[in-house]
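Q: predicted structure and sequence below. I'll ask about it afterward.
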Amino acid sequence: MPLPTRVKLVEVGPRDGLQNEKTPVPTAVKVELVHRLQAAGLREIEITSFVSPKWVPQMADNVDVMAGITRLPGVRYSVLTPNLQGFEAALKSGPDEIVVFASASEAFSQKNINCSIAQSIERFAPVVDAARAAGIYVRGAMSCTVGCPYEGEIAPERVSYLAGLMRGIGVQHVGVADTIGVGTPLKVQRAMEAALKHYTLDEVSGHFHDTYGQALANTLICLQMGVWQFDASVAGLGGCPYAKGATGNVASEDVVYLLHGMGIETGIDLDKLIDAGQFISDFLGRPTNSRAGKALFNKRPA
Ligand code: HMG
Ligand code: MG
């Protein structure tokens, strides 16, 4: 399989990146982050989630963040919706895309969304129907496709089973997520192959957390399979409140450095992306988690 010549990055920093931050991040900071990301050339940005504020307080300002952003033509803005209640609230904010999120692991499904995998699919079905009737694209995130903090290793058959359920209710795209970052390339390849039993190469993406430093290797093996869509998070922010021990997503800056270094186009201005990463890291009061971001920033003239 030839490597893709162009890759689409979905920036998940404002959502996956910030959802796990303990101190509330002001709405204005979230909005400024989105503005900087789109100025850097990101064309797909996951903005927030319409989940229960009791479960994820950091996303409680979802309506205000969506209202606060100045939208650029050509940029697509997505939000997470766990149920019809979340979808109906999200609809008023005019997202271009919604994300329903299920787990390949039964235990993680219970911890994260308080229901079984089968119940989650039942809940998503009317959400998918309503979104598609409204002309909104539906992406599905599949969590714990390689490993689960509660169940350990996850077999590819479980991923294939979940992808089939997603396909069955009309989800248009699935993301294969290594939620806790335990995956290594061959395991990730098997999880991706399992998703590809139900979706085409144009309908899948990789979502890799970098807990064990494997995310770029996992990205590379997917590129070699022809996968051309990936989620990443500026400054390597991230983590899921219900996946203990999981650290951030792969840093967008590191993925862009990898891709540009391989001659693969992204449309992203790496310098401006580094500025966006610096902005949010400064706000959070800690250094960036992006290796490339840090190295290139340190090389800048004082
Ligand atoms: P539940 O408690 O079972 O819900 O939570 P319920 O239907 O029984 O309702 C209980 C209360 O929640 C009610 O309020 C509802 O109104 C309210 P009360 O009467 O007690 O005042 N409620 C809501 N409020 C706002 N928005 C909603 C909503 N739904 C119910 N949409 C629920 C079920 C799914 C809501 C809950 O478990 C939840 O919000 N979970 C979210 C967990 C989450 O956001 N996790 C992180 C995102 S997933 C992730 O990060 C993984 C990913 O990055 C990929 C990867 O890396 O794997 C995507
Ligand atoms: Mg995630």
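A: Looks like it came in fine. Ligands and ions are numbered 1, 2, ... in the order given.

Q: please count neighbours and contacts with C-alpha atoms only from this point.
A: Fine.

Q: so which residues on the chain come close to ligand 1?
A: The interface of the chain toward ligand 1, taken as CA under 6 Å from any ligand atom, is made up of 16, 50-53, 55-56, 82-83, 85-86, 101, 112-114, 141, 143-144, 177-179, 240.

Q: can you select the buried ones from those in PyMOL?
A: Provided next is the PyMOL selection string for whichever of the residues of the chain next to ligand 1 are buried by 16 or more other CA atoms under 10 Å:
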select buried, resi 16+50+51+56+82+83+86+101+112+113+141+143+144+177+178+179+240
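
Q: mind checking which of the residues of the chain next to ligand 1 are in helices?
A: If you go by DSSP state H, those have 85-86, 112-113 in helices.

Q: can I get those in TSV including distance to residue 135 and pLDDT?
A: As requested, these are exported to TSV (distance: CA to CA, whole Å; pLDDT from 0 to 100):
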residue	distance to residue 135	pLDDT
85	18	98
86	17	98
112	28	94
113	26	96
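
Q: isn't residue 245 up against residue 181?
A: No. If you go by CA atoms under 8 Å, residue 245 and residue 181 don't touch, sitting 9.6 Å apart.

Q: the more surrounded of those two?
A: Counted by other CA atoms under 10 Å, residue 245 and residue 181 do not tie: residue 181 has more neighbours, with 28 against 13.

Q: which helix or strand contains the more buried one?
A: Under DSSP states H and E, no helix or strand contains residue 181.

Q: thinking again about what came up before, what's the most distant pair in the ones in helices among the residues of the chain next to ligand 1?
A: Spanning the widest gap among these are 85 and 112, at 16.6 Å by CA to CA.

Q: which SSE is residue 281 in?
A: Assigned by DSSP H and E, residue 281 falls in helix 270-284.

Q: for that helix, which positions count as buried?
A: By 16+ other CA under 10 Å, the buried positions in helix 270-284 come out as 270, 272-281.

Q: circling back to that earlier point, from the residues of the chain next to ligand 1, which land in strands?
A: In strands, judged by DSSP state E, the following of the residues of the chain next to ligand 1 are found: 101, 141, 143, 177-178.

Q: among the residues you listed, which two are most distant?
A: The span of these, defined through CA to CA, is set by 101 and 178 at 13.1 Å.

Q: who touches both of those two?
A: Contact criterion CA atoms under 8 Å, 6 or more residues apart in numbering; residues bridging residue 101 and residue 178 by contacting each: residue 143.

Q: pop out the phi and psi values for the nearest residue to residue 224 once chain neighbours are set aside.
A: Nearest non-adjacent residue to residue 224, counting by CA to CA, 6 or more residues apart in numbering: residue 3, 5.6 Å away. Here is the backbone geometry of residue 3 (degrees, to the nearest 10): phi -70, psi 150.

Q: for the stretch 1-150 of the chain, which segments count as helices?
A: Here the stretch 1-150 of the chain has its helices, by DSSP state H, counting those that start in this stretch, at 27-39, 62-68, 84-91, 106-113, 117-133.

Q: so which of those comes closest to residue 293?
A: Distance to residue 293, taken as CA to CA, is lowest for helix 27-39 among these, at 14.2 Å.

Q: show me what that closest one packs onto, helices and strands only.
A: Judged by 3 or more CA pairs under 8 Å, 6 or more residues apart in numbering; DSSP states H and E, the packing partners of helix 27-39 are strand 44-49, helix 62-68, helix 270-284.

Q: could I get the ones you listed in a markdown table, plus columns for mean pLDDT?
A: Listed next are the helices and strands packed on helix 27-39 as a markdown table, based on pLDDT from 0 to 100:
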| stretch | mean pLDDT |
| --- | --- |
| strand 44-49 | 98 |
| helix 62-68 | 98 |
| helix 270-284 | 98 |
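
Q: what's the closest of these to residue 255?
A: That would be helix 270-284 among the helices and strands packed on helix 27-39, by CA to CA, at 10.1 Å.
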